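let me see the structure of the following:
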Amino acid sequence: MNPIRPAHAMAAALAVVAVPALAQGTVAWPTKPLRMLVGFPPGGSTDVLSRQVGQKLGDALGQQVVIDNRAGAAGNIASETVARATPDGYTILMATVSSHAINPALYRKLPFDPLRDFQPITLVATYPLVLASNPQVPAKSVKELIALARAKPGDVRFSSSGNGSPGHLSGEIFKASAGVNMTHVPYKGGAPATIALLANEVQIIFATLPGMMPHVKAGRAVALAVTTAKRTPALPDLPSIAEAGVPGFDVSSWAGIVGPAKLPAPILKRLHAETVRALEAKDLRDRLASEGANPVGNTPEQFAAFMKVEAAQWSKAVKAAGAQAD
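Numbers count the residues shown, from 1 in each chain. Okay, the predicted model is just below:
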């Protein structure tokens, strides 16, 4: 057997050293704080969820998870930033039903591919919207609301955070399912849409539970039903729209963590494991459940398949509503 000459031996040794330790799964990661981008302003339901999960994830990783709010274009700005980020595990995104299921159908052109340009990590939670009304509305149940809308076609107005938002599309699905004619009034954000309901500028809204429930408890709004097929443990006495008069109605919102495509396998494995472990913590699960959220924590493969199904379903809703981005 021919011996390796010294120069070749040195080259071989350098090549071994040059192989990234990351590829071998031995890198010490993370060594600095992570950024979790959120495509919506501080204080909203996605922001609150991100901070709750980010705190637990940071504790597990031994590094702070900094929440970076990049609001605008229904999550597209934050999504594009992460899609173009270096896939080193230090930049991740709290993806939502808007950014990764609705927007592909709502916008004629996106600066990113919601599936190809991202590495799914895990679905964090699904949660229902709540159908709520202004107290001055005479209808106090879903059946009474349907009767009112049929008696006065177009007079019942519902607000949302914008064309193509989950609240808007939930209303359009409700109109089609219940066979009623209602008027959509878009606003620039969830807060103005809620204020419009409280001021009786609109009669109903499909809103997130955390954002609406303080107004319901204070008597400023009336909760009629939740949009998921089953009741939520957070409001066990509130019926679902399906059981309250519209069989088969089932609409959920959701949020999950993704990173840039080509995220190294060791980092993906660690991020997934620690996020799922965080979601299994009783205090976090109880907190999310109290806000109407259903913690999930599935595999990257399951999350990828889930997003494909969601994109197809919401695309149909966008087309049926004729919705276009503002």
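
where does residue 236 land in three-state SS?
coil (DSSP: H, G, I helix; E, B strand; the rest coil).

check the burial of residue 85 by counting its neighbours.
If you count neighbours by other CB atoms under 10 Å, residue 85 ends up with 17. Quick note: C-beta positions are derived from backbone N, CA and C, even for glycine.

ok, now the one 5 residues further on?
Counted with other CB under 10 Å, the burial measure for residue 90 works out to 18 neighbours.

which residue is the nearest non-sequential neighbour of it?
Once flanking residues are discounted, residue 90 sits nearest to residue 34: 5.3 Å by CB to CB, 6 or more residues apart in numbering.

now do the contacts for the one you found.
By CB atoms under 8 Å, 6 or more residues apart in numbering, residue 34 lies in contact with 57, 58, 61, 63, 64, 65, 66, 89, 90, 91, 92.

give me the buried entries from those residues.
The neighbour count (16 or more other CB atoms under 10 Å) marks 57, 58, 61, 63, 64, 65, 89, 90, 91, 92 as buried among those.

which of those fall in strands?
Among these, DSSP state E puts 65, 91, 92 in strands.

before we move on, what SS does residue 31 have?
Recorded secondary structure, residue 31: coil (three-state DSSP).

give me every residue that touches it.
residue 63.

and the pLDDT for it?
At residue 31, the model reports a pLDDT of 97.

with the one 5 residues further on instead?
If you check residue 36, the pLDDT there is 98.

can you confirm it is in a strand?
Yes. According to three-state DSSP, residue 36 belongs to a strand.

could you dump the ones in strands among the buried ones among the contacts of residue 34 into JSON lines with pLDDT added?
Converted to JSON lines, these look like this (pLDDT from 0 to 100):
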{"residue": "65", "pLDDT": "98"}
{"residue": "91", "pLDDT": "98"}
{"residue": "92", "pLDDT": "98"}
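
go ahead and confirm residue 71 touches residue 46.
No. Using CB atoms under 8 Å, residue 71 makes no contact with residue 46, being 10.0 Å away.

higher neighbour count, those two?
Each of residue 71 and residue 46 has its neighbours counted (other CB under 10 Å); residue 46 has more, 24 against 17.

measure residue 272 to residue 217 for me?
Taking CB to CB, to the nearest Å as the measure, residue 272 falls 37 Å from residue 217.

more neighbours: those two, which one.
Using other CB under 10 Å, the more surrounded residue of residue 272 and residue 217 is residue 272, with 20 against 10.

what helix or strand is that one on?
helix 265-279 (DSSP states H and E).

next, the buried residues of the next helix-or-strand element following that helix.
Using DSSP H and E, the helix or strand that directly follows helix 265-279 along the chain is helix 282-290. Using 16+ other CB under 10 Å as the test for burial, helix 282-290 gives 284, 285, 288, 289.

any chance of the residues you listed in JSON lines, plus distance to residue 297 and pLDDT?
Putting the buried residues of helix 282-290 into JSON lines (distance: CB to CB, whole Å; pLDDT from 0 to 100) gives the following:
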{"residue": "284", "distance to residue 297": "11", "pLDDT": "94"}
{"residue": "285", "distance to residue 297": "10", "pLDDT": "93"}
{"residue": "288", "distance to residue 297": "11", "pLDDT": "90"}
{"residue": "289", "distance to residue 297": "14", "pLDDT": "87"}
